[in-house]
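> Got a sequence here, can you build the structure:
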Amino acid sequence: MEFQAYVDAIIVFVRDNAVWAPPIVFALAFGESLAFISLLIPAWGALVAIGALIAAGGVSFWPVWVAGALGAALGDWLSYWIGLKLEYRVQHIWPLSRYPALIPRGEVFMKKWGVAGIFIGRFFGPLRAVVPLIAGIFEMPFWRFQFANFSSAFVWAAVLLTIGDVISATVKWLWG
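From the prediction side, this is the model:
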């Protein structure tokens, strides 16, 4: 089964079982933010689609937003911890070993942007996969990382869900 079929199945399930939206969004955001998984399974499209269900009225924004933000923050937190513990050995672990340029590019990015890089990296796919690892490898101070991590996670989750919500409302308005 191809990835899009999985996304479609998740969206149908959430539409029919809105009570499951927060835990599903938590899991999707966690996977999207976890270094190794995010390279393989970009879940942001599913998060935008679930945001579209908010406009349809079947899913409540607040619990889904909080779940998405916490999932994203915990995924980055785990990635930071992996970088802290494994240091440069992480670049030899699959799937990062298939993308040897990601770690050096992430290093250059983090040296240039510092703590702001955590926030910026949350919004760009390939950076999202390595920025928390780089922060851990270079031992960014824990509380600085966590402040940027959690604040960016709440903004990121709100943006993705709102994009889906706005698209759905616009489509409904244009063709409704």
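
> which residues of this protein fall in helices?
Applying DSSP state H to the chain gives helices spanning 3-16, 21-33, 35-40, 44-56, 61-86, 102-113, 115-121, 125-137, 142-175.

> In terms of mean pLDDT, which of the ones you listed ranks lowest?
Among those, helix 35-40 has the lowest mean pLDDT, at a mean of 74.

> So Gly45 is in contact with Asp8, correct?
No. In this structure, Gly45 is not within contact of Asp8 by CB atoms under 8 Å, at 10.4 Å. C-beta here means a position set from N, CA and C on the backbone, and glycine is covered the same way.

> residues in contact with Trp113?
If a contact means CB atoms under 8 Å, 6 or more residues apart in numbering, then Trp113 has Ile120 as its contacts.

> hmm, back to that, return the most buried member of the helices of the chain.
Here the criterion is mean neighbour count by mean count of other CB atoms under 10 Å, and of the helices of the chain the winner is helix 125-137, at a mean of 25.

> show me what contacts the residue lying closest to Leu47 once chain neighbours are set aside?
Excluding the flanking residues, the one nearest Leu47 by CB to CB, 6 or more residues apart in numbering is Leu160, at 4.5 Å. Listed by CB under 8 Å, 6+ apart, the contact partners of Leu160 are 44, 47-48, 51, 68.

> Equivalent analysis for Ala43, please.
For Ala43, counting by CB under 8 Å, 6+ apart, the contacting residues are 28-29, 31-32.
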